[in-house]
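# Any chance you can model this:
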Amino acid sequence: MGHHHEHDHHTNNKKALWISFSLITVFMIIEVVGGIWTNSLALLSDAGHMLSDSFALGLSLFAFKLSTKAPSTSKSFGYKRFEILAALINGLALIIISIYIFYEAIHRFVEPTSVSPMMLWIATTGLIVNLIVAFILMYSGDTKENLNMRSALLHVFGDLLGSIGAIIAGILILLFNWYVADPVASMIVSLLVLISGIRITRDSFHILMEGTPNNISYEAIENDLVQLDGVITIHDLHVWTITSNFPALSCHIVVDNETDRDQLLKRASNLIHEQFAITHTTIQIEGIDAHMCHEEDTCN
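The predicted structure follows:
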């Protein structure tokens, strides 16, 4: 049942990404041409976001395809973690793009340039495309639990903000000839995109560094396992994430010599599964005598 549910999520994610990738790529080309034609930095910055989106969505698609490859002797978990690597690359791309746009906006302040009001209509079309893509990703894909999907959605949100900024700048230019609105909008959007990029990069880095999942309490697991009958102590407890929705756990449980180890192993595995939703567990049970004899070798 769980495998079928996971397969459905995987299929829906790929379908949502493919549709979004097609829409974003086509409009990105239109917006680049429009940005050059109207001489709008806000529009070109939005096109830059869309270029990064096109790359991000394509990378996410490739990550999903690669993650389905079967495990091998050299890669026992297969390529599942490539999804997290893709999310990290997307996060870094957001940071780099936002810094570059901010830098270009500062130059526009020093040397203001005229911008065609036509940018308003192109940016409005871009906003509609971004809203459609965001809707597809949010309601057809798993953007809540899957970090790869969330990184792709954040790229689209960055574009959406860029379109809104370009529209506001276009209105101000159209009504008041206030050309400085163009770089101001670019700077505000770049800061918002930078925040999103930092967050997704931080979350990806945390997983790649084998960090404890944010929704799982290390202390709670340790305390619950120690409460099981026959358990004396816990050591070498590790909780990490293989990829999105795939937490793993390993630990050593020291028991007294009279404990039924098979029954304890079953109770411990059920507890971890039911209380913390971790299905991939590796538990080693040790007698108290063996633990004391080899404590220095096994723990240090």
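# now the helices for the stretch 101-250 of the chain?
Applying DSSP state H, counting those that start in this stretch to the stretch 101-250 of the chain gives helices spanning 119-140, 147-176, 181-208, 218-226.
# so can I have CSV of those helices showing mean neighbour count, distance to residue 258 and mean pLDDT?
C-beta: built from backbone N, CA, C; applies to glycine. Listed next are these as CSV, based on neighbours: other Cβ atoms under 10 Å; distance: least, Cβ to Cβ, whole Å; pLDDT from 0 to 100:
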stretch, mean neighbour count, distance to residue 258, mean pLDDT
helix 119-140, 20, 55, 81
helix 147-176, 24, 45, 78
helix 181-208, 21, 40, 85
helix 218-226, 15, 18, 92
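# Which one, of the ones you listed, ends up nearest to residue 74?
For these, the distance to residue 74 is smallest for helix 181-208, at 18.8 Å, taking Cβ to Cβ.
# quick one, which of the helices of the stretch 101-250 of the chain is nearest to residue 235?
Across the helices of the stretch 101-250 of the chain, closest to residue 235 is helix 218-226 (Cβ to Cβ), at 9.7 Å.
# same for the closest one, what does it pack against?
strand 231-243, strand 246-255, helix 261-276 (3 or more Cβ pairs under 8 Å, 6 or more residues apart in numbering; DSSP states H and E).
# Could you look over the ones you listed and pick the most buried one?
Neighbour counts (mean count of other Cβ atoms under 10 Å) averaged over each of these peak at strand 246-255, with a mean of 20.
# just to revisit the earlier point, mean pLDDT added to the helices and strands packed on helix 218-226, as a markdown table?
Compiled in a markdown table, those are given as follows (pLDDT from 0 to 100):
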| stretch | mean pLDDT |
| --- | --- |
| strand 231-243 | 90 |
| strand 246-255 | 92 |
| helix 261-276 | 92 |
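# what's the closest of those to residue 37?
strand 231-243 (42.8 Å).
# which residues touch that closest one?
Strand 231-243 is contacted by residues 67, 77, 80-81, 83-84, 207, 210-213, 216, 218, 221-222, 225-226, 247-256, 259, 264, 278, 280, 288, 291, 298-299 when judged by Cβ atoms under 8 Å, 6 or more residues apart in numbering.
# Please put the alpha-carbon coordinates of it into PDB.
The C-alpha coordinates for strand 231-243 follow below in PDB (Å, rounded to 0.1, in the frame of the first residue of the first chain):
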ATOM      1  CA  VAL A 231      16.500  -2.400  27.700                       C
ATOM      2  CA  ILE A 232      19.500  -1.100  29.800                       C
ATOM      3  CA  THR A 233      20.800   1.600  27.500                       C
ATOM      4  CA  ILE A 234      21.000   2.900  23.900                       C
ATOM      5  CA  HIS A 235      24.200   3.900  22.000                       C
ATOM      6  CA  ASP A 236      25.300   4.700  18.500                       C
ATOM      7  CA  LEU A 237      21.800   6.100  17.700                       C
ATOM      8  CA  HIS A 238      21.700   7.700  14.200                       C
ATOM      9  CA  VAL A 239      18.700   9.200  12.500                       C
ATOM     10  CA  TRP A 240      19.000  10.700   9.000                       C
ATOM     11  CA  THR A 241      17.200  11.200   5.700                       C
ATOM     12  CA  ILE A 242      18.100   9.200   2.500                       C
ATOM     13  CA  THR A 243      15.900  11.400   0.400                       C
END
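# I'd like to check the angle between that strand and helix 181-208, please.
140 degrees (axes from the mean of the first three to the mean of the last three Cα atoms, to 10 degrees).
# and strand 231-243, which strands flank it?
When pairs are called by DSSP bridges, strand 231-243 turns out to pair with strand 246-255 (antiparallel).
# Relative to the whole chain's centre, how far out is the partner strand?
26 Å (Cα atoms, centre = their mean, to the nearest Å).
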